[in-house]
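Asks: Take this sequence and fold it.
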Amino acid sequence: MKDIQLCINCFLSFALCTFSKANLISQYYKMESSLENKVSNISLMAKHHSESIPECSAMCGELCACFGFNPQLKKCRIHQSCNPADITEDETGWRYFFPDEPSVGDRCSSNVNCPDKAVCDRGMCVCSGTYLASGKVCQNVTNLALGKPVSGSSLNQHFKVKWEYAVDGRTHVTDPNLLFHTSFELYPWLTVALGRLSIVKSITIYNRNDGHGEWLHGVETRVGNTIDWAQMSTCGTFVGPSVTGGVHVIECEKLLYGMFVTVKIVKQNNMYGKNYLVLEEVVIAGIVA
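Replies: Residues are numbered from 1 along each chain as shown. Prediction:
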């Protein structure tokens, strides 16, 4: 038998509220199917007559760890502690319900029906603010790029630049030797290897702060499980041109899954055709999947 999840909400049943004679908070319970037709007298707090599961669950108060309900006998048993290993006596009709934490994606009527860091939006629990769903819970969005391996189309040999300068966390850099800087070429790019399958929400590119900010233009960002540009999914673009010190947040049109993120200039320079890709920092906002 499938698990049964039930949401008890004061506003959904007038009879339930009248019966409880108290202000109820929403609570989720899940039936443990392995305990069907089993009963226990251990840690039994109370036994009541009950017409329904919602009525029985309303009696499961602050000290209640689980409750048993028998629809045939219309009986309700309230337990202070519940170890499934103790619920072993055979008796037809009993079902035991345990508190079950609400999950992202559950139906809801208010925020109290939703898990931590989630809100009720149009009848469904969704992650709020800077959080993303990972399974049934919400995780805080972080910078997935920080300190991760970087590769690219080239490094400019006229400066002492390094791949890792694109993800070292430094901004407002005035020394050109501390930037990520490619050679003058067609369609320069850099790729960040995230290390694990991740969910990407947005990609922020920090333009150089020492001049020539207009060089940054025609940028496209992609996410994928390979560094093959043709097999990656587009997150978004920055048309530009930028300005010196510009910071550009590229929000993905939808959440993208992948292990690699590539930033690439896809439009040729009007004067020379080729471009430099020069960046202070790349920030990839998301969570590990």
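Asks: how close does Ala65 sit to Ser52?
Replies: Plainly put, Ala65 is 21 Å away from Ser52 if you go by C-beta to C-beta, to the nearest Å. (Glycine included, C-beta is placed from N, CA and C.)
Asks: Please read the previous query as pertaining to His181.
Replies: Going from His181 to Ser52 by C-beta to C-beta gives 70 Å.
Asks: Tell me which of those two has more neighbours.
Replies: His181 (25 against 15; other C-beta atoms under 10 Å).
Asks: could you check the distance from that one over to Cys235?
Replies: Distance of His181 to Cys235, given as C-beta to C-beta: 23 Å.
Asks: same deal with Pro241?
Replies: Using C-beta to C-beta, one gets 20 Å for the distance from Pro241 to Cys235.
Asks: what bridges to Ser202?
Replies: Glu251, Ala285 (DSSP bridges).
Asks: my read: it touches Ile250, true?
Replies: Yes: using C-beta atoms under 8 Å, Ser202 is in contact with Ile250, at 6.2 Å.
Asks: Apart from its chain neighbours, what residue comes closest to Phe159?
Replies: Asn177 (5.0 Å; C-beta to C-beta, 6 or more residues apart in numbering).
Asks: what about Ile287, how many neighbours?
Replies: Counted with other C-beta under 10 Å, residues neighbouring Ile287 total 20.
Asks: Start the count at 41 instead of 1 going forward.
Replies: Renumbered: residue one is now 41, and that last one reads Ile327.
Asks: Which residue comes closest to it once chain neighbours are left out?
Replies: The shortest distance from Ile327 to any non-neighbouring residue, by C-beta to C-beta, 6+ apart, is to Gln179 (4.4 Å).
Asks: show me what contacts that neighbour?
Replies: Gln179 makes contact with 171-173, 327-328 under the criterion C-beta atoms under 8 Å, 6 or more residues apart in numbering.
Asks: Test of understanding: give the bridge partners of it.
Replies: When bridges are called by DSSP bridges, Gln179 pairs up with Leu172.
Asks: Overlap of the contact sets of Ser242 and Ile290?
Replies: In contact with both Ser242 and Ile290: 275-276, using C-beta under 8 Å, 6+ apart.
Asks: pLDDT weak spots in the stretch 41-190 of the chain?
Replies: The model of the stretch 41-190 of the chain has pLDDT under 70 over residues 41-67.
Asks: Which residue ranges of it form strands?
Replies: Secondary structure of the stretch 41-190 of the chain (DSSP state E, counting those that start in this stretch): strands at 45-48, 67-71, 78-79, 84-89, 106-110, 115-119, 129-130, 135-139, 158-161, 164-167, 171-174, 177-180, 182-183, 190-192.
Asks: Distance check, Ala185 against Phe137.
Replies: Per C-beta to C-beta, Ala185 is found 45 Å from Phe137.
Asks: domains for this structure, by residue range?
Replies: With automatic domain parsing as the criterion, the domains of the chain are listed as 45-140, 183-328.
Asks: How many neighbouring residues does the residue nearest to Leu103 when sequence neighbours are not counted have?
Replies: Leaving aside its sequence neighbours, Leu103 sits nearest to Gln120 (C-beta to C-beta, 6+ apart; 5.6 Å). Using other C-beta under 10 Å, Gln120 has 13 neighbouring residues.
Asks: circling back to that earlier point, among the contacts of Gln179, which ones are buried?
Replies: The neighbour count (16 or more other C-beta atoms under 10 Å) marks 171-173, 327 as buried among these.
Asks: Any chance of these in JSON lines with distance to Gln197 as columns?
Replies: What follows is these, written out as JSON lines (distance: C-beta to C-beta, whole Å):
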{"residue": "Tyr171", "distance to Gln197": "43"}
{"residue": "Leu172", "distance to Gln197": "40"}
{"residue": "Ala173", "distance to Gln197": "45"}
{"residue": "Ile327", "distance to Gln197": "37"}
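Asks: which one of those sits closest to Glu320?
Replies: Comparing these against Glu320 with C-beta to C-beta places Ile327 closest, at 24.0 Å.
Asks: before we move on, back to that, deepest of the strands of the stretch 41-190 of the chain, which one?
Replies: Ranked by mean neighbour count, these are led by strand 106-110 with a mean of 23 (mean count of other C-beta atoms under 10 Å).
Asks: With neighbour numbers in mind, choose between Pro281 and Cys275.
Replies: Taking neighbours as other C-beta under 10 Å, Pro281 and Cys275 compare with Cys275 leading, 25 against 13.
Asks: partners of the helix or strand containing the more buried one in the sheet?
Replies: Under the criterion of DSSP states H and E, Cys275 resides in strand 273-278. Its sheet considered, strand 273-278 pairs with strand 259-264 (antiparallel) by DSSP bridges.
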